[in-house]
Structure formats: C-alpha cells, structure tokens
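Trainee: What shape does this take:
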Amino acid sequence: MDLLNPANAEPDDEPISGRERLILALNSGSSSLKFGVYRVTFDHVLRLISGEAQALDTQAGRFDAIDAQHQPLVGHSVPMITMKHALHEIERLLEQTGLQPLDGIGHRVVHGGPAFRQPCRINLQVLEQLQQVIDFAPLHTPMALSVIEETSRHFPEVAQVMCFDTGFHAQMPAVARVLALPKELCMQGVQRYGFHGLSCESIVRRFGASLPERLIIAHLGNGASITAVRAGQSVDTSMGLTPSGGMIMSTRSGDLDPGVLIYLIRQKGLDVTAVEALVDRQSGLLGISGLSADMRTLKIAATTEADARLAIEMFCYSAYKQIAAMIAVLGGIDTLVFTGGIGENDAAVRAQICEGLAWIGLSLDSTLNQLGSDLISTSESICAVRVFASQEDEEIARHTWQLIT
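Mentor: Numbering: from 1, shown residues only. Take a look at the predicted model:
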C-alpha cells in the first residue's frame with residue numbers, strides 16, 4: 001500500500017511555504033507510545049497513519065494502527081510489548097505502506113524545565129540538559145529519552161525535534177506562575193509550568209477565527225488538567241511544577257495539603273521514592289476506589305461498590321471545582337471544551353461535571369451529549385459547551401515541519 005510517493009522531492013529553490021515533508025510524530029506516555037505519520041506543508045497537515053502501542057511491559061500489551069480512512073492496518077495483542085518492540089513495529093509499518101524516507105521525527109516531551117519551553121532540534125547538548133531536569137516529570141521524561149535514543153538508532157539520518165507540553169503556558173502572568181515559596185526557589189525554576197499544552201494548542205487552532213475570548217479547556221484522561229485561556233493565551237492552569245498537581249487523576253492525587261507529605265515522611269517513615277510512588281502511582285481513582293484507575297471499570301463496579309462511586313464523584317467534583325476557579329480567573333466564560341480520553345468519550349462524566357456548573361446558567365443538551373456532538377449545550381446555556389478531539393500529534397508534526405524546513 002503506497003500512501004505517499006516519496007519520489008516527489010521538491011526542488012531546492014521551491015519556496016518554504018510549498019515544501020512538503022513526511023513527519024513521524026511520537027507521543028510517549030508512562031505506559032504507552034502513540035504515533036502518527038503526517039504529510040505536512042506550510043498550511044496543511046494530512047494524517048496518513050495513526051496508532052498506539054498500549055499497556056507497555058504488561059500482559060495486556062497491544063499494537064494498533066489505522067489509515068487516513070480509519071481502516072485498520074494492523075491490530076493485535078503483543079503481551080509484554082516494549083518500547084523498543086513498538087518502534088520496530090512502526091518501522092515495519094512504514095516499510096509496508098511505502099512511507100519512507102522520513103523527513104523528520106517529532107517527540108512530545110512533557111517537561112523541559114526552565115531551559116526548554118519552545119520546540120527545538122535535538123542534539124547531544126540538548127539531551128544532556130534534559131537529563132538534568134528528569135525530576136520535574138519522573139513518570140514521563142525517562143520514557144521520552146528512551147524513545148529518542150531508540151529512534152536515533154532506527155533512523156540515524158532523520159532530523160529529530162522535541163515539542164514541550166509546557167510551552168503553551170510559558171507566558172502565564174506572574175500571579176498564576178509564581179508559587180508562594182521563597183523567591184530564590186522561583187529563580188531556580190520552581191514555579192507553575194502547566195501541562196497538556198500541545199492539546200490546548202490544538203484546541204485553540206481548531207477554533208481558528210471563531211476563537212472565544214474566554215475559553216476553558218478540560219483535558220480529562222489518565223492525566224487531567226483545567227486551563228483558562230484568554231484570547232488564545234494561557235492565563236492559568238490547574239497543574240503546577242509537575243504533572244502531579246491539580247485535579248484528581250487516574251493514579252495521581254492532584255493537589256494535596258503539603259502537611260500530608262510532611263506527616264507521611266515524619267510519622268510513617270516514607271522516603272522520597274515511597275512518597276513519589278504514593279502520589280503518582282497509587283492515588284487518584286485507584287487509591288480512592290481500591291479497585292482500578294480506569295473510569296470504565298469503575299462505572300461498571302459503581303452499581304455495587306460504594307468506593308467506586310465515590311471515586312467517580314470525587315473526580316467530577318474536582319473537575320467542576322477547578323473549572324469554577326478558572327471562571328473566576330477569566331471573569332466569566334464563553335466556551336467550555338471537553339477533550340482527552342475521558343472528556344471526549346464519557347458522556348456521563350461530562351453530564352455530572354456540567355451539573356455541578358448549572359448554578360452559572362450552564363445547560364447541557366442530554367441527547368447531543370450522549371451522541372458526543374461537537375456542540376452539546378442548549379441554546380439557553382450561558383456558554384457553549386463543546387467536545388473536541390485533542391490533536392497533540394498534529395501539533396508535533398507542525399512544529400517539526402517548521403524546525404526542519
């Protein structure tokens with residue numbers, strides 16, 4: 001199957017705006033590797049393939065890919081699939097579909113610390129600097145570095161680019177960015193960074209000329225955050241120094257009284273490793289329910305398990321509490337967008353969150369909500385409520401095109 005004829009190379013004197021590039025976007029998570037292959041020009045991004053290696057290093061591992069028409073290209077279980085194996089599968093898929101040679105590879109990197117906020121070309125110096133800020137995102141950065149190292153082996157001649165999830169929030173005002181800690185710590189990079197920036201960027205791009213002045217983006221998935229956007233600029237967001245802060249998530253606690261951690265260290269004898277595991281891997285929906293981090297599993301169990309019901313209620317409560325705070329930041333709201341795995345696919349969660357915001361005059365159309373339509377609010381609602389798919393990988397492809405072209 002030849003999805004792209006790479007023989008159509010552009011002449012050297014072709015204007016930059018007309019240059020077409022074949023880009024592989026890689027989006028590594030703590031236990032998954034999403035990918036997309038795109039044909040990119042100055043003003044257009046066309047997805048040719050998208051896929052995911054799921055549940056890495058577990059018996060539930062899978063590798064799936066679809067083409068531009070959403071027809072399956074591959075889909076099978078791969079127990080204990082590793083990141084290295086997943087990249088082999090991607091390389092094989094590129095060969096089978098004739099999508100070679102690649103012009104660039106773009107990587108989502110969750111946190112680049114204070115030094116890296118905007119997309120950059122990857123070189124040895126950049127990687128060495130990124131190694132020094134792993135502690136800002138210990139769940140994600142080691143995986144991203146492993147993927148970059150492995151792709152360098154698979155595609156040694158291909159330019160590679162890093163795109164940072166913190167970039168969208170880089171211009172947040174000091175009142176939102178500065179933490180209430182001694183000033184010298186802020187000068188050392190201890191501040192609010194915010195995350196899901198590539199997702200937010202894709203939502204803003206989706207609106208185009210119809211971008212609302214006061215927009216709130218609820219990115220709800222395994223990781224979850226709420227972001228206030230004024231005229232296309234992030235002015236506040238729920239996550240903080242690391243992706244562990246903000247609202248309740250699948251396995252992450254979200255915001256905690258700092259005294260809780262001090263108590264656990266002093267009275268329970270927990271060390272740094274144990275506290276990190278507790279906050280990032282054992283808390284959130286999993287910790288509350290004692291059953292699962294997966295919202296789908298909890299909804300099935302909620303009919304008989306009180307703790308499963310409580311976990312769902314707390315997740316929704318946490319979300320509409322954060323949204324209400326962002327409404328205060330913006331001085332009102334024009335549009336609320338749900339995105340992310342839960343935000344895009346779980347009508348019941350959207351309904352419960354919106355019910356918690358009914359006091360402002362927000363009104364949901366239950367039929368449109370169940371259908372997952374783009375617009376799910378009623379005509380009487382004080383603000384529009386929309387469901388948009390997060391398109392992080394397309395943003396990665398765009399940034400990569402810009403840097404290699």
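
Trainee: can you list contacts of the longest helix along the chain?
Mentor: The residue-count maximum for a helix in the chain (DSSP state H) belongs to helix 306-330. Helix 306-330 is contacted by residues 176, 214, 216, 218, 220, 224, 226-228, 230, 235-236, 238, 246-248, 254, 285, 288-292, 295, 298-299, 301-302, 333, 336, 349, 352-354, 356-357, 360 when judged by C-beta atoms under 8 Å, 6 or more residues apart in numbering. (Glycine included, C-beta is placed from N, CA and C.)

Trainee: mind running it again at 7 Å?
Mentor: The contact list for helix 306-330 (C-beta atoms under 7 Å, 6 or more residues apart in numbering) reads 214, 216, 218, 220, 226, 228, 230, 235-236, 238, 246-248, 254, 285, 288-291, 298-299, 301-302, 333, 336, 349, 352-353, 356-357, 360.

Trainee: same question, stretch 47-65
Mentor: 3-4, 31-39, 66-68, 73-83, 86, 89, 93, 97, 99.

Trainee: next one: stretch 249-262
Mentor: 222-224, 244-248, 275, 279-286, 293, 318.

Trainee: Can you list the buried residues in that stretch?
Mentor: Residues of stretch 249-262 classed as buried by neighbour count (16 or more other C-beta atoms under 10 Å): 249-254.

Trainee: Tabulate those in TSV, adding columns for distance to residue 61 and pLDDT.
Mentor: As requested, the buried residues of stretch 249-262 are arranged in TSV below (distance: C-beta to C-beta, whole Å; pLDDT from 0 to 100):
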residue	distance to residue 61	pLDDT
249	22	97
250	18	95
251	18	94
252	22	95
253	27	97
254	28	97
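
Trainee: So what does residue 388 look like in phi/psi?
Mentor: Torsion angles at residue 388 (phi, psi; degrees, to the nearest 10) stand at phi -120, psi 140.

Trainee: and residue 174, how many neighbours?
Mentor: Residue 174 has 8 neighbouring residues, counting by other C-beta atoms under 10 Å.

Trainee: Strands of the stretch 301-405 of the chain, start to end?
Mentor: Ranges of strands within the stretch 301-405 of the chain are 335-339, 384-387, based on DSSP state E, counting those that start in this stretch.

Trainee: most packed of the ones you listed?
Mentor: strand 335-339 (a mean of 25; mean count of other C-beta atoms under 10 Å).

Trainee: before we move on, back to that, just put the strands of the stretch 301-405 of the chain in TSV and tack on mean pLDDT and distance to residue 366.
Mentor: TSV is the format used below for those (pLDDT from 0 to 100; distance: least, C-beta to C-beta, whole Å):
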stretch	mean pLDDT	distance to residue 366
strand 335-339	98	15
strand 384-387	98	12
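
Trainee: Just send those back as TSV, with distance to residue 402 too.
Mentor: Below are the strands of the stretch 301-405 of the chain laid out as TSV (distance: least, C-beta to C-beta, whole Å):
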stretch	distance to residue 402
strand 335-339	23
strand 384-387	27
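
Trainee: Quick one, which of those gets closest to residue 165.
Mentor: Shortest distance between residue 165 and these, using C-beta to C-beta, is found for strand 335-339: 13.9 Å.

Trainee: Can you list the strands that the closest one pairs with?
Mentor: strand 214-220 (parallel), strand 384-387 (parallel) (DSSP bridges).

Trainee: mind checking the SS state of residue 235?
Mentor: For residue 235, the assignment made with DSSP: H, G, I helix; E, B strand; the rest coil gives strand.

Trainee: circling back: which of the buried residues of stretch 249-262 sits closest to residue 345?
Mentor: Taking C-beta to C-beta as the measure, residue 345 lies nearest residue 250 of the buried residues of stretch 249-262, at 14.2 Å.

Trainee: In three-state terms, label that closest one for me.
Mentor: coil.

Trainee: ok, it to residue 283 distance?
Mentor: 9 Å (C-beta to C-beta, to the nearest Å).

Trainee: continuing past the strand or helix carrying residue 76, what's the next helix or strand?
Mentor: Using DSSP states H and E, residue 76 sits in strand 72-77. Once strand 72-77 ends, the next helix or strand along the chain (criterion: DSSP H and E) is helix 83-97.

Trainee: any residues touching that next one, and which ones?
Mentor: 1, 3, 33, 35, 49, 53, 56, 63, 65, 73-74, 78, 100, 143, 146-147, 150-151, 154.

Trainee: chain center to it, what's the gap?
Mentor: Relative to the chain's own centre, helix 83-97 is displaced by 23 Å; criterion: C-alpha atoms, centre = their mean, to the nearest Å.

Trainee: average pLDDT for that helix?
Mentor: Helix 83-97 shows a mean pLDDT of 92.

Trainee: next one: stretch 342-361
Mentor: Averaged over stretch 342-361, pLDDT sits at 98.

Trainee: Okay, buried residues for that stretch please.
Mentor: 342-347, 349-354, 356-357.

Trainee: Distance to residue 326 for the residues you listed - can I get that in CSV?
Mentor: Listed next are these as CSV, based on distance: C-beta to C-beta, whole Å:
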residue, distance to residue 326
342, 18
343, 15
344, 19
345, 22
346, 20
347, 22
349, 18
350, 17
351, 19
352, 18
353, 13
354, 15
356, 14
357, 11
